[in-house]
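Student: Need the 3D shape of this:
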Amino acid sequence: MLEKCCLLLSANESYQNAESDLYLLTGLKVGHSTHHRKVNQIELPLPDLKQGLSEISVDGGKIRLRTAEKGEPSFWQEYKTARLQGIYYGAFFQDNLSLTDWINSQTLTSPLYCLGDGHDGIWNIFAEIGENKDRIEVLDWYHLTENLHKIETKKSIKDQLEADLWTGQASEAIKLLKSAQPLGGNNFISYLNKHRQRLINYQSYQQEQICSIGSGAVESAVKQISHRVKLTGAQWLKENVVNILQLRCAYLNGQLAI
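Tutor: Got it, this is the predicted structure:
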């Protein structure tokens, strides 16, 4: 029970604060270095869904690393976060294979909806998931409109483009772009052509609640994980990253419940 309390506190705050809060709550003294050591010793299994998996979203987060040599500047590296069924969290540091193995170990439904932004790395991950399933890739609606609003044209044209894309009429949107020739229009046409197969009828999908149309769930997951790994001034040795990500996800998945 004491060990679980240490892990629960360490999943939410710095090791120094975990030490002081544990003493305040229980009267027991466990040094911050012991909290740190316990986190680096844990092996917490990722959760298995009790039901079939029909929806996956993946996004990238960043964690600040420090070098082993004193005086060397810190630097940022990316980790990948997956959220399954809008419920379960998993974070993987430079280990896409473990990410895809975890997802493929679940009971995948058909169709399988895979939601992401426009980053090629996300779609490369999805390509390794559900090989024999009817996989439907969905471009995040909010990422799509973010790119739409980068073009410079009349508000009426933007409104029509958004209406066309909202109902899945990518061809109509491209025709209008070619006709209006707005500044940045060619780049947006290339973007639409690149993701043509991922542009769904967002209106219909939302009304029928087929799947999420925005990657808010996984972006929320990244923020929830960042709540621990991006504490003010936090820097991590590379060898400690996997365990703190594992612990934070275990907390968010309810695996540390007492």
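
Student: use CA for all of it now, contacts and neighbours both
Tutor: Fine.

Student: residue closest to the middle of this structure?
Tutor: The centre of the chain sits closest to residue 59, judged by C-alpha atoms, centre = their mean, with a distance of 3.3 Å.

Student: Helix or strand, whichever it is, which one in this structure has the lowest mean pLDDT?
Tutor: Scoring the helices and strands of the chain by mean pLDDT, DSSP states H and E places helix 216-229 at the bottom, with a mean of 87.

Student: Mind listing what's buried along that helix?
Tutor: Within helix 216-229, the residues that count as buried by 16 or more other C-alpha atoms under 10 Å are 217-219, 221-222, 224-226, 228-229.

Student: elements contacting it?
Tutor: Judged by 3 or more C-alpha pairs under 8 Å, 6 or more residues apart in numbering; DSSP states H and E, the packing partners of helix 216-229 are strand 53-65, strand 75-84, helix 238-252.

Student: what's next to the shortest one, contact-wise?
Tutor: Same thing as strand 75-84. For strand 75-84, the surrounding residues in contact (C-alpha atoms under 8 Å, 6 or more residues apart in numbering) are 53, 55-66, 89-94, 96, 99, 217-218, 221-222.

Student: neighbouring strands for it, and are they parallel or not?
Tutor: Strand 75-84 has its sheet partners listed here by DSSP bridges as strand 53-65 (antiparallel), strand 88-92 (antiparallel).

Student: Could I get the buried residue list for that strand?
Tutor: For strand 75-84, the neighbour count (16+ other C-alpha under 10 Å) marks 79-84 as buried.

Student: follow-up on the earlier one: need the buried residues of helix 216-229 in a markdown table with distance to residue 105, can you?
Tutor: Listed next are these as a markdown table, based on distance: C-alpha to C-alpha, whole Å:
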| residue | distance to residue 105 |
| --- | --- |
| 217 | 21 |
| 218 | 20 |
| 219 | 23 |
| 221 | 21 |
| 222 | 22 |
| 224 | 24 |
| 225 | 23 |
| 226 | 26 |
| 228 | 28 |
| 229 | 27 |
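
Student: Pick the one among these closest to residue 27.
Tutor: Distance to residue 27 across these (C-alpha to C-alpha) is lowest for residue 228, with 24.4 Å.
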